[in-house]
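Participant: Dropping a prediction and its sequence here:
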Amino acid sequence: MRKYLYILIIPTLLILSSNTAKAQCNSSLVTVCSAKLGSDATYLKELKARLKPRQKGQQKPIARFSLLLNKGNHYRFNICNATEFDSKAILQLYDKTKLLGTSYFAKTGKHYPYFDFICPKTGVYKVLISFEDGKEGCAVGILSLIKKN
């Protein structure tokens, strides 16, 4: 009887542990990233990106989002990586083709957990999330509004 109990319990534990290892790529990653917003920020929206690695001959995988931002508002864009992947996420903000903000500076090779943006005009802006060198990864970007003093 004991032998049959072990046969049932061990596979169940393995299945449960494999699911929790990937769990950070979902809602728990949003919770972790939201906790890093700062006391002056109000959560507005999450931008989830789960990308597969670049295949030979293909372009770098990118998650694309459109956001309506309002003139005069002070926004913060946070980016958080899932711990189960080695790659680091890059969040970029564009107005059409003009880069307005980024979490990664290629010249220095430095990643930043967030950047602030004061919106100069109301309109639709593009947010791109990708991973260094087209690697596989999971990340969440958080858009928040910074309170005016």
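Facilitator: Arrived safely. Numbers count the residues shown, from 1 in each chain.

Participant: who's in contact with the closest residue to residue 25 other than its chain neighbours?
Facilitator: Taking CB to CB, 6 or more residues apart in numbering as the measure, residue 25 lies nearest to residue 138, with 3.9 Å between them; neighbours along the chain are not counted. Quick note: C-beta positions are derived from backbone N, CA and C, even for glycine. Shown in contact with residue 138 (CB atoms under 8 Å, 6 or more residues apart in numbering): 24, 25, 29, 49, 50, 51, 81, 82, 84, 85.

Participant: Could I get the average pLDDT for the strand or helix carrying residue 138?
Facilitator: Assessed by DSSP states H and E, residue 138 sits inside strand 137-146. Computed over strand 137-146, the mean pLDDT rounds to 93.

Participant: what ranges do the helices span in the chain?
Facilitator: Along the chain, counting by DSSP state H, helices occupy 2-21, 27-34.

Participant: Select from the ones you listed the stretch with the lowest mean pLDDT.
Facilitator: Among the helices of the chain, helix 2-21 scores lowest, with a mean of 46.

Participant: who does residue 50 bridge with?
Facilitator: For residue 50, the beta-bridge partners are residue 138 (DSSP bridges).

Participant: Report the contact partners of residue 104.
Facilitator: 88, 90, 110, 111, 112, 132.

Participant: ok, it to residue 40 distance?
Facilitator: 24 Å (CB to CB, to the nearest Å).

Participant: and what of residue 28?
Facilitator: On the measure of CB to CB, residue 28 and residue 40 end up 24 Å apart.

Participant: Now for residue 127, how many residues are close by?
Facilitator: By other CB atoms under 10 Å, 21 other residues sit near residue 127.

Participant: In contact with it, which residues?
Facilitator: Residue 127 neighbours (CB under 8 Å, 6+ apart): 47, 64, 65, 66, 67, 77, 91, 92, 93, 94, 141, 143.

Participant: All set, thanks.
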